[in-house]
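>>> What shape does this take:
(2 chains)
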Amino acid sequence: GQQLNQSPQSMFIQEGEDVSMNCTSSSIFNTWLWYKQDPGEGPVLLIALYKAGELTSNGRLTAQFGITRKDSFLNISASIPSDVGIYFCAGRYTGTASKLTFGTGTRLQVTL
Amino acid sequence: EADIYQTPRYLVIGTGKKITLECSQTMGHDKMYWYQQDPGMELHLIHYSYGVNSTEKGDLSSESTVSRIRTEHFPLTLESARPSHTSQYLCASSEFSGANTEAFFGQGTRLTVV
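Now for the predicted structure:
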């Protein structure tokens, strides 16, 4: 089946630093989604990408849909303590019953 | 804000009991999903539905079953709970077609079987 690898697995950064994480796939996707999950909660959608090369921002977050359609990255600028959590990428290809495949997650910890 | 609700949020239950995890959404979405997630780990799809009377097995084999009698409701049932079923169960929904097919998640049910 399809696999999504996220890197890094975890990050410890200081408040105010920029963060970058990425997701790579063994096959192409038509949609890339980025979610954030707080402990004990469900994932919350951050950004949705629908076209290869698309660059989309949501506040301090910026995500891009890779040209090859096999990767995506998420940047967080000027991190703050509430950015702590697990970030998941998810991809969808309409030829696979439109199921979402989730990445392995990047755990972000922000220190003051 | 997504309108998808799961109950209960937390459940501790003894081995052998039958349980049903509830999931309801008020967005009129045709597609609904159940994911299983161990703490801090990735999400695994265990069931999904395209609409009323449609249910499919997901990528991860599960002893649970689901039903979809109404569009807004997608309950998950375990006939006989076991400690290996201890996990977090997340329900999600999305539109069936169209350009925007983001999945929205409920808050999850954390199940502990003792």
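>>> Not counting its neighbours along the chain, what's nearest residue 60?
Looking at chain A here, since you left the chain open. A:S77 (4.7 Å; Cβ to Cβ, 6 or more residues apart in numbering or on different chains). (C-beta placed from N, C-alpha, C; glycine too.)
>>> looking at chain B here, not the other one
B:H44 is the one closest to B:L60 (Cβ to Cβ, 6+ apart), at 3.9 Å.
>>> my guess is the one you found contacts B:Q36, does it?
Yes. In this structure B:H44 lies within contact range of B:Q36 using Cβ atoms under 8 Å: 5.1 Å.
>>> More neighbours: these two, which one.
Under the criterion of other Cβ atoms under 10 Å in any protein chain shown, the comparison of B:H44 against B:Q36 puts B:Q36 first, with 21 against 18.
>>> So which residues of chain A form strands?
For chain A, strands defined by DSSP state E occupy the ranges A:4-7, A:10-14, A:19-25, A:31-37, A:44-49, A:55-58, A:61-65, A:71-76, A:85-92, A:100-102, A:106-111.
>>> how about the residues of chain A that lie near chain B?
Residues of chain A found near chain B (Cβ under 8 Å from any Cβ of the partner chain) are A:1, A:31, A:33, A:35, A:40-45, A:48, A:50, A:86, A:88, A:90, A:92, A:97-100, A:102-105, A:107.
>>> Buried ones from those, can you make that a ChimeraX selection?
Provided next is the ChimeraX selection string for whichever of the residues of chain A next to chain B are buried by 16 or more other Cβ atoms under 10 Å in any protein chain shown:
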select /A:31,33,35,41,42,43,45,48,50,86,88,90,92,98,99,100,102,103,104,105
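>>> interface residues of chain B facing chain A?
Selection of chain B residues close to chain A by Cβ under 8 Å from any Cβ yields B:2, B:6, B:31, B:33, B:35, B:40-45, B:48, B:56, B:58-59, B:90, B:92, B:94, B:96, B:99-108, B:110.
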